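*Asks:* no sequence for this one, just the structure:
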């Protein structure tokens, strides 16, 4: 059985290195990509168990991303989205689009070392009804 893989959609190189480094320290494989098209292409090849999305990514269409992940993955990955705490409507829209967990960036950072292994092992359904705003 192959080790689970996660995908990260982020253009913030400094923050990306922090997230990927945390995953590596926990023994998890997290591949960073910079565009929605690249995430979808990689998801078809890798069948990730977890997808992490930076909502600040330009050209991101969260409903389209979720729809395409459903179509292209054998098993829907657990989708975690994070964004600015001042963008409450963006966080709410990500939750409404079908992300399993939506967090403000500060909570995401706080939870990352403890929760990343959980996100890798989580099932994508049922979706958690909460949105930490």
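*Replies:* Great, that's in hand. Note that the structure is predicted; figures quoted are calculated from it, not measured.
*Asks:* now do the strands in the protein.
*Replies:* 5-9, 29-33, 50-54, 78-83, 101-104 (DSSP state E).
*Asks:* nearest to residue 67, of the ones you listed?
*Replies:* strand 78-83 (11.6 Å; C-beta to C-beta). Any C-beta I mention is one placed from the backbone N, CA and C, and that applies to glycine too.
*Asks:* hmm, residue 8 is touching residue 28, no?
*Replies:* No. The criterion here is C-beta atoms under 8 Å, and residue 8 misses it with residue 28 at 11.0 Å.
*Asks:* got the buried residues for stretch 37-51?
*Replies:* 39, 40, 42, 43, 46, 48, 49, 50, 51 (16 or more other C-beta atoms under 10 Å).
*Asks:* now the fifth one, nearest residue through space, not along the chain?
*Replies:* Translated: residue 46. Take residue 46 and drop its neighbours on the chain: the residue closest to it by C-beta to C-beta, 6 or more residues apart in numbering is residue 5, 5.1 Å away.
*Asks:* on that earlier part again, would you turn the strands of the chain into a markdown table with mean pLDDT and distance to residue 121?
*Replies:* Shown next, in a markdown table, are the strands of the chain (pLDDT from 0 to 100; distance: least, C-beta to C-beta, whole Å):
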| stretch | mean pLDDT | distance to residue 121 |
| --- | --- | --- |
| strand 5-9 | 97 | 11 |
| strand 29-33 | 96 | 13 |
| strand 50-54 | 97 | 9 |
| strand 78-83 | 97 | 8 |
| strand 101-104 | 98 | 13 |
